[in-house]
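**Student:** Okay, predicted coordinates and the sequence, questions at the end:
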Amino acid sequence: MKLITFVAFVSTDLVCAWFVAPTVAADTAVAYHLTARPWKPLEVPASAYLDRVEGVVRFTLQHQNAAGSVIDPFTKAEHQYGTVYYAHAIGTLLHARRAKNLLDSGVRAMDFATAAFEKNETHGHRVFFITPLVESLELYAPLVPAEKLTTWRNRIKVKVEIEEGDDSNWATYLLKGEWARAKADLIDRAATVETIERVWKSTQHKRIFDTPHHLYHDLTTTPDTLAVEAVGRLNLLALITNGYDGPSASEIADTVDSGTYTALLLQDPSGQMPCNGRTDDHVWGDVGYQLAFELMAQRALARGDRRLAGQYQHAAMLNIANIDRWRRTDIPWAGSYFVTKNHFDPKLRLGYQGASEYSNYNGLLMHHLAQAFLVRRQEIAEEPAPNEIGGYAFALDENFATAFANAGGTFLQIDLKADTALSNGNADYWSTLGVVRIGRPGWDTRLGPSDGGRAGKSGLGTSLCPAFEGNGKQFALASIPDRYHGRFSVEFVHPLLVRCNVDYTPIKPQDGPSFRQSFVLTPDGVLTTLQRTAGTQPFSLVAPLLSNDGQPLEIGAADRIAFSRYTAQGDEQNFIALNRDATLTREAPVRSTFGDLTPVQPGRFNIK
């Protein structure tokens, strides 16, 4: 399938543009229902979730030792929560009457994980163990002797110190886990409610309830992470879905309902969660989004809102269709998934944070896929998702510092700030100033600006962003986020047309030219025009081409058209320069999480 997305340059004395085929809205609800192009449901059966779970499980089976522990194929040791998530995934398969020959493996994993939990030998991740262990008790109960189940239950009753993870998103693992234990009569219910209320009010309320759009603020990177945002919100949603009925239950429920609706607008039309921040572009994040949408589909259906339920159901199916591009078929890795969204050798750890390993994040992926299967209790007729309809444009708060726009399914994400310091073990920067994502239904959004990128070693960055010349040097704004930031504004919003702008200005006391980059979004593409609003420096507009994601792509730049495509038959993006005198110039590639991005400009600083 092909898509020609256009980005154009139009130039006068002060304007340079590419054509590619209130700052925060008070209400992000999308009132439209019709798509701009023909639409049909994906109709992904629940069994497809189990197919993917079983693929990861059978890969992981190769790395289970005699004691029942899962050993990471790269670190050669157990890492974090890989074993307990493996045990839960097998339990889900057995519950669905699949993989019966894996019962012994699942029991050994449960033996190991429950003992580790009891002795707190969990690599510092004890709160992550609680929910999968409690859920697994019910899954294995019909399959193991009563005395085995009793042993596991007694081990899971051990007291967990409240301080563990109390101030971060880890507290949300504690809250949902302790409530699960209380419901299973493993710990005192009244004391658990008291704990949940105290932790919610003292540390978690301010991270999500007090924030615009009710998104979870992890605050571990600057800008904040939209990847880990999903973690805190999903855990609180799971707490409510599991029937939490304490004094703050309605407040938490309203918060996660609102935040997860916002997430519908942040998901791109191919099913990817938004990029940016710690653990950006990790495959498991998309599965976390899927689980949240599955939970919300059932909640909306229970309230009688079939249209919203259908939107959530379809969004969940977009997620699972999206992750298939990272599912491996090569022996001996078949069934597992790349950790980050590229096809490079995992030994390179491209885009990894310090905690990223093959076993824990494949474990997290199969655990959430298994949970998604278990919560899909009623089949729901799909409806087009908001990201396929469009008609919205808004910016998130200053901590996230990113904006989104969508017209007829043509989707735009723009970073208004970017990291200025390396963090969390990533060799490169998590966020990139400028347009980082362009998408459209049925198209592979690894193209477009490919989430941008900025290399930690060189400091060079690229996105769809302004560049200028000074003192004989080139400065792409993506390379100097310590000097520039953006402000988003909206002029017009309709499902078939969105007009919006980003004003880039120096951060005081820095100096330099200022720019207004304007966007016209339609269902067929994006027209972007760059105007220098202050200064006299020659300037241009950079467009990145994804040239290698571990598998080389075809790229080219000639006759005012730059393109990037996977194969002659695959999805394609064309950047068309409208300047009549434009001569496209390639720059040195910048490596991002997606792969190598080759920046292209329509004439090197030909606009004076």
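**Tutor:** Structure's in. What do you need?
**Student:** Could you use CA atoms for every contact and neighbour count after this?
**Tutor:** Will do.
**Student:** Mind giving me the packing neighbours of the helix or strand hosting Y312?
**Tutor:** Using DSSP states H and E, Y312 falls within helix 306-323. If contacts are counted by 3 or more CA pairs under 8 Å, 6 or more residues apart in numbering; DSSP states H and E, helix 306-323 sits against helix 283-302.
**Student:** could you say what helices and strands the helix it packs on packs with?
**Tutor:** Short answer (3+ CA pairs under 8 Å, 6+ apart): helix 283-302 packs on helix 229-241, helix 249-266, helix 306-323, helix 358-375.
**Student:** can you tell me which of the ones you listed comes nearest to S69?
**Tutor:** Comparing the helices and strands packed on helix 283-302 by their distance to S69 (CA to CA), the top pick is helix 358-375, with 11.0 Å.
**Student:** any idea of the angle that closest one forms with helix 229-241?
**Tutor:** 40 degrees (axes from the mean of the first three to the mean of the last three CA atoms, to 10 degrees).
**Student:** May I have helix 358-375 as PDB, with CA atoms only?
**Tutor:** Coordinates of each C-alpha in helix 358-375 appear next as PDB, following Å, rounded to 0.1, in the frame of the first residue of the first chain:
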ATOM      1  CA  TYR A 358      14.700  -8.500  26.200                       C
ATOM      2  CA  SER A 359      13.200 -10.700  28.900                       C
ATOM      3  CA  ASN A 360      11.400  -8.100  31.000                       C
ATOM      4  CA  TYR A 361       9.900  -6.100  28.200                       C
ATOM      5  CA  ASN A 362       8.800  -9.200  26.300                       C
ATOM      6  CA  GLY A 363       7.400 -10.300  29.600                       C
ATOM      7  CA  LEU A 364       5.500  -7.100  30.100                       C
ATOM      8  CA  LEU A 365       4.200  -7.400  26.600                       C
ATOM      9  CA  MET A 366       2.800 -10.900  26.900                       C
ATOM     10  CA  HIS A 367       1.400 -10.100  30.400                       C
ATOM     11  CA  HIS A 368      -0.600  -7.100  29.100                       C
ATOM     12  CA  LEU A 369      -1.700  -9.000  26.000                       C
ATOM     13  CA  ALA A 370      -2.900 -11.800  28.300                       C
ATOM     14  CA  GLN A 371      -4.800  -9.300  30.400                       C
ATOM     15  CA  ALA A 372      -6.400  -7.800  27.300                       C
ATOM     16  CA  PHE A 373      -7.700 -11.200  26.300                       C
ATOM     17  CA  LEU A 374      -9.100 -11.800  29.800                       C
ATOM     18  CA  VAL A 375     -10.900  -8.400  30.000                       C
END
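**Student:** Check the offset of that helix from the chain's centre.
**Tutor:** Put simply, helix 358-375 sits 15 Å off its chain's centre (CA atoms, centre = their mean, to the nearest Å).
**Student:** re earlier: out of the helices and strands packed on helix 283-302, nearest to A588?
**Tutor:** helix 306-323 (29.6 Å).
**Student:** quick revisit: would you list the helices and strands packed on helix 283-302 in JSON lines and tack on mean neighbour count?
**Tutor:** Conversion of those to JSON lines gives the following (neighbours: other CA atoms under 10 Å):
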{"stretch": "helix 229-241", "mean neighbour count": "24"}
{"stretch": "helix 249-266", "mean neighbour count": "20"}
{"stretch": "helix 306-323", "mean neighbour count": "24"}
{"stretch": "helix 358-375", "mean neighbour count": "24"}
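**Student:** L149: which of the ones you listed is closest?
**Tutor:** Of all the helices and strands packed on helix 283-302, helix 358-375 comes closest under CA to CA, at 20.7 Å.
**Student:** Packing partners of the following helix or strand past that closest one?
**Tutor:** In the C-terminal direction, the helix or strand that comes right after helix 358-375 (DSSP H and E) is helix 386-389. Counting contacts by 3+ CA pairs under 8 Å, 6+ apart, helix 386-389 packs against helix 249-266, strand 402-407.
**Student:** before we move on, back to that, out of the helices and strands packed on helix 283-302, which is closest to S489?
**Tutor:** Here helix 249-266 is closest among the helices and strands packed on helix 283-302 (CA to CA), at 17.4 Å.
**Student:** Does anything pack onto the closest one? Which helices or strands?
**Tutor:** Secondary-structure packing of helix 249-266 (3+ CA pairs under 8 Å, 6+ apart): helix 229-241, helix 283-302, helix 386-389.
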